[in-house]
Structure formats: structure tokens, C-alpha cells
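# Next come a sequence and a model predicted from it.
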Amino acid sequence: MEEDIREERRKQAVLARHHIYVKTPESKSYVSSLSPSERIKFMSDARAKNAAILRKRKRRSTVFKIFGVAFLSVAALIAIMPIFFTFLNSFMSSSEIEANYGVIYQSLPGGSEGAAQFIDKMPQLQLIPQEVTAEQYSNLLLTTPSYLFKYWNSILLTLPVVIGQLAVACMASYSFMRYRRKRREVLFFFYIILMLMPFQVTLVPNYIMSDKLNILDTPWAVILPGIFSTFSIYILTKYMRRIPKSYIEAAIIDGAGEWQIFTRVVLPNCKAPIAAMAILLFIDYWNMVEQPLVMLQDESMQPLSVFLSRVNIEDIGIAFAACALYMIPPLLIFLRGEDQLVEGISQSGIK
Amino acid sequence: MSCVKKAMINKIKHILYKLKEWGAGTGFLLPSVAGVMLFFIVPFIMLIQMSFQKSATNSDFVGFENYKTVLTNEAFRSACANTALFTAVTVPCAIVISLLLALVLNTQLPGKSTFRSFLLTPMMVPVASIVLIWQVFFSYNGVLNGWTYQLFGLDRIDWMKDDNGQVLIMLLFLWKNLGLNIILFLSALNNIPQEVIESSQMDGCGALRRFFSIRLHYLGPTIFFVGIMSLINSFKIFREVYLLTGNYPYDKLYTLQHFMNNKFTHLDYTQLSVAAVILSIAMMVIVGVLFLIESRIDSGVEE
């Protein structure tokens, strides 16, 4: 019985195969129907047509490339010119700076009286110093210790905020990732609103609380509110929620406690956003003006970011070097961590 | 007897387990919540209370008297108008320009990673360091005025004390803040599924059409996020203005933070708290409207 069926099927299959081969008409394309000389002509025509299209495309893409590169070059030049310029000018001697830019500072607020006068002398924009000296830097470091103190203030205010906020934010966002219940989601939404509030709003409550706690005019008045700011919680939570649930389940099955899951599973998977947030927070607090102005009335406490603009007018001879020195740490961090920065925050904009 | 005892023990164990679980979840959240309560929420409630008082020390209830004073205050009004104008112009500009730059960077160009690094650098530079150069360029006796005077014989413009000053501040803002937006847009562009783009090319879709009907659809959430980030950053423009022009700038450059700072130095708590409450309400309304628009657009796209 079975033999027969199998035999039948085999026959059918062979027939079917045969059928297809038999029924297929012999392929005789347009090209093969041509005589040899015509065929050569046809082929060369087709080749020429193809080459023309390719050439056109290539030309279009080169034109596009040239325009694109030109556009980007202009944009990049605008972006880095001021930075470049500061560094170059920081190697001028003080007298050269005064000769070149002295005019400018007579019309600035806090400069001479009767600002905005017409002064006939034109300022000289000079990119390359006539003689390269480190005079500005040596003056800055050796004769004006107030700069160094302010620099130290900046470090003292920035580092605790960055480290503290990251520690608090990592733990909070772990909690937001792990337990998604209704009340916690409401709290998370509230955190987002808090993140969106501008300084003009949050500084007032911070000031009132610092006043109550008697920490005004101490670095703590800037550091503590900074630590509990909610900006990084949002980004970190968004990233952590992308970690596959199976990682955490596997850890639970292996008998890991919450703390172990946090330190061994979640944190190692979040290196990129943590690095990115560290960079962003560092530059934000290195750059802060609003908080120290309000919280630290005592000038000796204020960081260099507030102080620099005031010093500009008094002794411009060393101002360029001071600006350059103040730029170096964030730029170095950027050079080191650009890829992490890009990777870490790139996920936050996508749903 | 022993049965009841066993049940009791089990119950206690269960409660302890629940407590432990709850504690583990909440323990991680606790430092953050405590800090936020201490530095943001509790003082904010005090601040709302204070905004209805006669003064910081005299706690007589005066109703909306303080709100009336602040809202009719000329300085507050002009500060609000300036800030609103600034935000309304710069946020769309920031979105469009950074999207354009990201689109160009997203194509096959030689050396595009170098260009990206260059374009991102401004965001890492502290405002205080770069203000010196802006002064060299844009002050009354500065380089820019010198150039326009020598080349075209134009009159000098005092950028810091002129109605055009706001344009300058907007340009400085864009210079500094485009980098972050470019990163966000670039990653969103990379996340667009390549098959969709390819199939649209097969169907003979031009570059413009492809952008408006495909890419823009995928970029929607990113545009929203970039807009919100720019909105937050646009309130930080005080830094540039303060470092360039000091405590009392030209009228057009007077931002909200200047108003707040003056109130801080005069220790005028009631007006401060009123201003903060008004601002926070305004901010919530703006963000709420943005969220609504976003969800409306999103649901429209889904259908």
C-alpha cells in the first residue's frame, strides 16, 4: 500500500519537474537575436549610456560634497574660532595685548566714565602674537594668587556636586526602573516637572532653605541643592529602562539582593550615560553664575566663572591666560569622553 | 494551638518580607526624595505661603496684593517680555539650524567626525572664558565695528546698549547650544530604519519629499525633546548677559534673572516668592501645552 503511494508521488514529482522544463520556452532574448555586428553596437551604446548616468551622478555628488564641506567648514570655523583665538592670544605679552585691545576696555561698564565714546584708534585683531611668551601665564600663577584661590573654589564647588548628584541619581533611577507602580510613576512625572523648572524658580526655594539651615555664604549652599537636582535622574532612568528585564531576572534567580543587582548588573550596563551625565554636569557647574551670585555674597568664596568677567577690566594683561586656563579642564574632558557623551545622551531623545 | 501559632508566624514572616521588598525599593529612592523635599518642595510651600503675606516677618494675610504689585511692576513686565521674545525666537532657530547641520553631517562627507567634534566644542566652553572674546568683537570700540567702519563706512553700533543687542545675545546663545541638539538629532537620524528610506528611493521619492514625509515623522519625538532642552537652556542666557554687561544692562537685555537678583540683594522675599510662583505656573502651562501638542501629533501619526 504504502509503497504504491510513494511510487505514485515520485512519478508525479518527476513529471512535474519534467513538465516545467519541457514547457519553458527557449529563452531567446533581444540581444541574442541580433547579428554579431549589431550586437557589438548595441552593447557599446548601452555602456555609454550607463557611463553617462554614472558620470552625472558622480558630478552631482561631488558638487553636493563640495557644498556640504564648505558649509560645514564655515560652521566649524565659527564654532572654534573664538576658542582658538583665546589660546593664541594667551601667549602674547601683556604690553602687546594692551596695545591691541586697550581701546576696547575703555568703553566697557566699569571702565572709564562716559562709556561709548568714539575713540579714533581702531583695535587690532591679531591672531598670531609677535613674540610668543608665557609671560601671561607666569604673571597669573606667580603674582596674582587670587586667581588660584578662585580656581580652587571652582573645583571645590564642582566636584562634590558632580559626584554627589550622580550617586543620588543612580540610586533613584534604579528605583524608578525597578518598581513601576502608579505612585512612583506620579513621582517620576513630578521629577520631570522639577527638572524643567528654570533657575529663576528653583533658586528662591533653595535660598530660603539655605537661609533656614544657616548654610548661606558657605559652599554647602551651592553644593547641596546641586546634589539633589533631578536632571540626571530623568536621563539615567530612560537609559536604565532599556536594560533587558532578563538580566535582572537572571540575577534574582542566582540569589542576588537588590544592592547586588544594582552594583553588579545595572551600573556596569550604564557606563555610557553615567559618563555623559558626568561631563554635562561638570560643564554646567563649572560654568555656573546664577547660584554663586545669589548664595555666596562673600567674594572670596565665589568661583572663577563669576570672577573672570570682573577681572577682565582691571588687568587685561593676564585675562586671556586666565580664560584659557579656565577652559582647559572641560576641553580635556570633552576630548577624552566625546564618544561616551554622544552615546550616553543619544538614547534620551528617542522614544 | 500550634496551628494558630504557625499561621501567626507565617503572617509575620510575610509582612516582614513585604516590608523588606518595599524597603529595598524605597531605600534607593530615599536620599533623592529627602533632598528634593528639603530643598525644593518644603521651601516652595513656604514660598507660596509667603507670597500671600504682608512681608517676610509680618505674616498678615493680604490676599493677592503682592501679585498685583509684581504684575504691575514695570521691570518685571519688561523682563518677562524680553525673556519671552528671546525664547520664542531662539528655540525654533535652535531646532531648525541644528537639524540642518545634523542632516548635512549625516550624509557621506569626508572628515565628518572631525566636523562633528568641532561643532560640539562650543558647548564645553565656560561662558566666562569666552566672554572676553565677545567683548573684543562686539564692544563699541570692538573689532566688528572697526571692520564695518573701515570697509563699508557704516556707523558703529553699540551692541550692548542698542535694540540690536538682543540679536547678538541670540547669536551667542545659538553658538553655545547647538552642539547638544546636533548630537540628539544625529542619533535620531541614525535610528531611522534604513529599509524605509531605501524603499522610498525605489518608489522614486526625491530628497525633499523623503525628508518631509519620512524623516520628519521619525524625528518627531526628538524635535520635541530638543525643543524642551532648548527651552531650559534659554533661561540660562542670563550668564552671557550678566558677564557681558553686569548687573544693570540695557533695557532690552534685562532678563528675569536680573529682576530676581535685584530682589535677592534687596532681600525682598515676598516679591521674590510671587515672581517664582508666577514663573512656575507659566512654565507648567507652557510645558503642558507642549506635551498636549506632542501627544496630539503622535496619535495623529499612529492613525
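Right, received. Where do you want to start? Residues are numbered from 1 along each chain as shown, chains lettered A, B, ... in the order given.
# which stretches of the stretch 151-300 of chain B have low pLDDT?
Applying pLDDT under 70 to the stretch 151-300 of chain B flags residues B:153-160, B:298-300.
# what are the ranges of the helices in it?
Assigned by DSSP state H, counting those that start in this stretch, the helices in the stretch 151-300 of chain B fall at B:165-190, B:194-202, B:207-210, B:216-234, B:238-245, B:256-265, B:269-302.
# Show me what the fifth one is packed up against.
Right, the one you point to is helix B:238-245. helix A:290-295, helix A:304-314, helix B:127-138, helix B:165-190, helix B:256-265 (3 or more CB pairs under 8 Å, 6 or more residues apart in numbering or on different chains; DSSP states H and E). All C-beta atoms are positioned from the backbone trio N, CA, C, and that covers glycine.
# Nearest the middle, which residue of the chain would you pick?
Assuming you mean chain A. Chain A has A:Leu341 as the residue nearest its centroid, 5.0 Å off, counting by CA atoms, centre = their mean.
# Hmm, no, I was thinking of chain B.
B:Ile232 (0.9 Å).
# show me what contacts the closest residue to that one other than its chain neighbours?
Distance criterion CB to CB, 6 or more residues apart in numbering or on different chains; nearest residue to B:Ile232, sequence neighbours excluded, is A:Leu196 at 6.2 Å. Contacts here follow CB atoms under 8 Å, 6 or more residues apart in numbering or on different chains; on that basis A:Leu196 touches B:Ile228, B:Leu231, B:Ile232, B:Met283, B:Val287.
# And the furthest pair within the residues you listed?
Farthest-apart pair in the contacts of A:Leu196 is B:Ile228 and B:Met283; separation 11.0 Å (CB to CB).
# Helices of the stretch 101-250 of chain A, start to end?
Using DSSP H, counting those that start in this stretch, the helices of the stretch 101-250 of chain A run over residues A:135-143, A:145-178, A:182-196, A:199-213, A:220-227, A:231-240, A:245-253.
# Show me the domain layout of chain B.
Domain segmentation of chain B under automatic domain parsing yields B:1-51, B:65-302.
# Quick check: the residue nearest to the centre of chain A vs chain B, distance?
Separation of A:Leu341 from chain B (CB to the nearest CB, to the nearest Å): 7 Å.
# ok, that residue - contacts?
By CB under 8 Å, 6+ apart, A:Leu341 lies in contact with A:Ala275, A:Ala276, A:Ile279, A:Leu280, A:Phe334, B:Ile183.
# which residue sits closest to the residue of the stretch 51-200 of chain B found nearest chain A in space, ignoring its chain neighbours?
Distance from chain A to each residue of the stretch 51-200 of chain B (CB to the nearest CB) is smallest for B:Ser187, at 3.2 Å. Among residues not flanking B:Ser187 along the chain, A:Ser346 sits closest, at 3.2 Å (CB to CB, 6+ apart).
# A:Ala172 now?
Nearest residue to A:Ala172, sequence neighbours excluded (CB to CB, 6+ apart): B:Ser32, at 3.7 Å.
# Same question for B:Cys80.
B:Leu256 is the one closest to B:Cys80 (CB to CB, 6+ apart), at 6.6 Å.
# tally of neighbours for that neighbour?
23 (other CB atoms under 10 Å in any protein chain shown).
# Please tell me how far A:Cys323 sits from A:Ile155.
Plainly put, A:Cys323 is 17 Å away from A:Ile155 if you go by CB to CB, to the nearest Å.
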